[in-house]
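Q: below is the structure, and that's it, no one-letter string:
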Ligand code: PEP
């Protein structure tokens, strides 16, 4: 099974509308460097989603960084699927460790968001990963298996309708990474959980990305691993030159 490689930029709480336009201009000048054999996306803050959809080259899809599980309601500060549908986003990052840690998102809330996002026609990028304490106590596999299993409980049995990102929390924004071999081992274990949730055929289609301190200098060694289908990149995705350099290195 060959899965299309993916490069996804998670901009977190960075970039205004004007900065999004500048990013798109640089990308537009480098289109020849974005392989037609790969999928690209950036996930700007909500306020820049609409402009991103308009100004980014069509090869680069737009994703949201979060979404509420209800279609509407008294949820001050939240954004619902119909609002994102109007903009035309393709992906929604769900269960990012910053949401789990700082905004108390539970496995069950993430599961419900996955269901709502798929119902709305988006492809969820379900993030899973252990923190430093869990890693040090040997719980990595247990934690990522639990997050993946619950996250997929209400998912459609369709491997193309979901992307999973393995992001060890201790590697996010720290400059530290697991070795590609260690990331591969965890991702292969995640794929086994996907087999149980979606079935063998669909799990073989499901793309699983690595995320955590990925940059142009190290991306190639991660995506060279058999089960690693691309990268979810925070910091290094903010600079358009570095986004293009990662696309080329893959
Ligand atoms: C992320 O925020 O998903 C991420 C992987 O961040 P960074 O690349 O900056 O470690």
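A: Received, thanks. Small disclaimer: the values here were computed from a predicted structure and weren't measured.

Q: show me what the lengthiest helix in the chain is packed up against.
A: When the chain is parsed with DSSP state H, its longest helix is helix 180-198. Using 3 or more CB pairs under 8 Å, 6 or more residues apart in numbering; DSSP states H and E, the elements in contact with helix 180-198 are helix 140-151, strand 163-166, helix 200-205, strand 207-211, helix 219-223. Placement of C-beta: from N, CA and C, glycine included.

Q: please identify the most buried of those.
A: Here the criterion is mean neighbour count by mean count of other CB atoms under 10 Å, and of those the winner is strand 163-166, at a mean of 28.

Q: that older thread, among the helices and strands packed on helix 180-198, which is nearest the ligand?
A: Taking CB to the nearest ligand atom, strand 207-211 is the member of the helices and strands packed on helix 180-198 nearest to the ligand, at 3.6 Å.

Q: so what are the sheet partners of the closest one and their directions?
A: strand 163-166 (parallel), strand 230-233 (parallel) (DSSP bridges).

Q: is the ligand contacted by the last one?
A: The one in question is strand 230-233. Yes: using CB under 6 Å from any ligand atom as the criterion, contacts between strand 230-233 and the ligand involve 232, 233.

Q: quick check: buried residues in the next helix or strand after that strand?
A: Downstream of strand 230-233, the next assigned helix or strand under DSSP states H and E is helix 240-249. Of the residues in helix 240-249, 240, 242, 243, 244, 245, 246, 247, 249 count as buried by neighbour count, 16 or more other CB atoms under 10 Å.

Q: so which bits of this structure are right by the ligand?
A: 10, 12, 167, 172-173, 211-214, 232-236.

Q: ok, back up a step: so which of the buried residues of helix 240-249 is the closest to residue 37?
A: residue 247 (10.9 Å; CB to CB).

Q: let me see the contact set for that closest one.
A: 7, 33, 34, 35, 38, 40 (CB atoms under 8 Å, 6 or more residues apart in numbering).

Q: wait, is the last one part of a helix?
A: This points to residue 40. No: assigned with DSSP: H, G, I helix; E, B strand; the rest coil, residue 40 falls outside any helix and is strand.

Q: got a pLDDT number for it?
A: Residue 40 is assigned a predicted lDDT (pLDDT) of 98.

Q: now the fourth one
A: On pLDDT, residue 35 comes in at 93.
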